[in-house]
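Trainee: structure, please.
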Amino acid sequence: MALNDEGEAPVLVDRDGAVLIISINRPHRRNAVNRDVSVAIAAALDDLDSDPGLSVAIITGTGGQFSSGMDLKDFVAGARPELPGRGFAGVTERPPVKPLIAAVEGFALAGGFELALACDLIVAGTGAQFGLPEVSRGLVAGSGGMVRLAQRMPFGIALEYVLTGQRLAAPEAYRLGLVNRLTEDGQALQTAIDLAKVIAANAPLSVAMAKRIMNEARDWLSTEVWERQRPLAESVIGSEDAQEGARAFAEKRVPIWSGR
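Mentor: Got it, this is the predicted structure:
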């Protein structure tokens, strides 16, 4: 794997208990995503889903920036950052089973915004800015921006930002419901970690299934909701953790989850 401009790995991966922290580490390129970044993020997310000791992941960027999107120099040279079956940054076409939080400081533009939109929750510093400027570059936001933005805010507002390419300030994104937590600049990662730990304290099977049902239910017909949801919900209700949760509640203690 190629190193960044300072001879370091282009993606840093750390653990904080059950929380996996994935940091794009190309600050001198505003954390632009190239193929090495995509491969590293995909590998980290595979670890997230396969490791029973991990419950939640956070994606962020070093140097006070989230990501400026695709590395355009690599693009002009013919290199693409999308991975087969995974998409841009190794996540936009196949997000992980477990929850993923974006901790955004500075710019989340183009593919960087699409990366944030591929996450389940977004935490942002007040000075953060989001945008899909692809129309001004002769491109389209084909890594999920045009699809997911309209799912996270009113359609007409989303369409305006896609067609104009203008930037969306974090306070306005928070007002529109796109951003879950708005923090002081420099505090997005810590706030995301705090949020992740609240999620990680819950039963892992329940958390993963809740994410799955809420995402899939958007495509269910009203007449099939209960039929589709029932077997998914029952797979959790019949688990060992469901019994542990009930016992812990009755015994007034903290549950010990097994993930089974």
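Trainee: per-residue pLDDT, the residue nearest to residue 139 when sequence neighbours are not counted?
Mentor: Take residue 139 and drop its neighbours on the chain: the residue closest to it by C-beta to C-beta, 6 or more residues apart in numbering is residue 110, 8.0 Å away. (Each C-beta comes from the backbone N, C-alpha and C, glycine too.) Looking at residue 110, its pLDDT is 95.
Trainee: the one 4 residues further on too?
Mentor: pLDDT recorded at residue 114 is 97.
Trainee: quick check: which element contains it?
Mentor: helix 111-117 (DSSP states H and E).
Trainee: and if you look at residue 168?
Mentor: strand 167-169.
Trainee: for that strand, which positions count as buried?
Mentor: For strand 167-169, the buried set under the neighbour-count rule, 16 or more other C-beta atoms under 10 Å, comprises 167-168.
Trainee: what helices and strands are in contact with the very next helix or strand once past it?
Mentor: As assigned by DSSP H and E, the chain's next helix or strand after strand 167-169 is helix 170-175. Under the contact criterion of 3 or more C-beta pairs under 8 Å, 6 or more residues apart in numbering; DSSP states H and E, helix 170-175 touches strand 121-125, strand 129-131, strand 181-183.
Trainee: about what we covered before: what helices and strands are in contact with the helix holding residue 114?
Mentor: strand 56-61, strand 100-104, strand 129-131, helix 145-152.
Trainee: those: which one's closest to residue 172?
Mentor: Closest approach to residue 172 among those (C-beta to C-beta): strand 129-131, 9.2 Å.
Trainee: can you tell me the strand partners of the closest one and which way each runs?
Mentor: strand 107-109 (parallel), strand 167-169 (antiparallel) (DSSP bridges).
Trainee: neighbours of the nearest residue to residue 148 once chain neighbours are set aside, just the number please.
Mentor: Spatial nearest neighbour of residue 148, excluding adjacent residues (C-beta to C-beta, 6+ apart): residue 117 at 4.1 Å. Residue 117 has 23 neighbours, counted by other C-beta atoms under 10 Å.
Trainee: just the one 3 residues further on next, same as before
Mentor: The local packing count at residue 120 equals 18, with neighbours defined by other C-beta under 10 Å.
Trainee: what's the answer for the one 4 residues further on, then?
Mentor: Applying other C-beta under 10 Å, we find 31 other residues in the vicinity of residue 124.
Trainee: and the one 4 residues further on, by the same measure?
Mentor: Each residue near residue 128 was counted by other C-beta under 10 Å, and the total is 30.
Trainee: dump the residue contacts of it.
Mentor: Going by C-beta atoms under 8 Å, 6 or more residues apart in numbering, residue 128 touches 66, 104-108, 169-170, 173, 185, 188.
Trainee: so the residue positioned nearest the centre of the chain, which of the three states?
Mentor: Closest to where the C-alpha atoms of the chain average out (C-alpha atoms, centre = their mean) is residue 119, at 2.0 Å. When classified by DSSP: H, G, I helix; E, B strand; the rest coil, residue 119 comes out as coil.
Trainee: make residue 1 into 203 and carry on from there
Mentor: Sounds good: first residue 203 from here, last item residue 321.
Trainee: hmm, who's touching stretch 234-252?
Mentor: Counting by C-beta under 8 Å, 6+ apart, residues outside stretch 234-252 touching it are 203-204, 211-213, 215, 222, 224, 226, 228, 256, 259, 261, 269-274, 276, 281-285, 288, 290-293, 297-300, 302, 313-314, 317.
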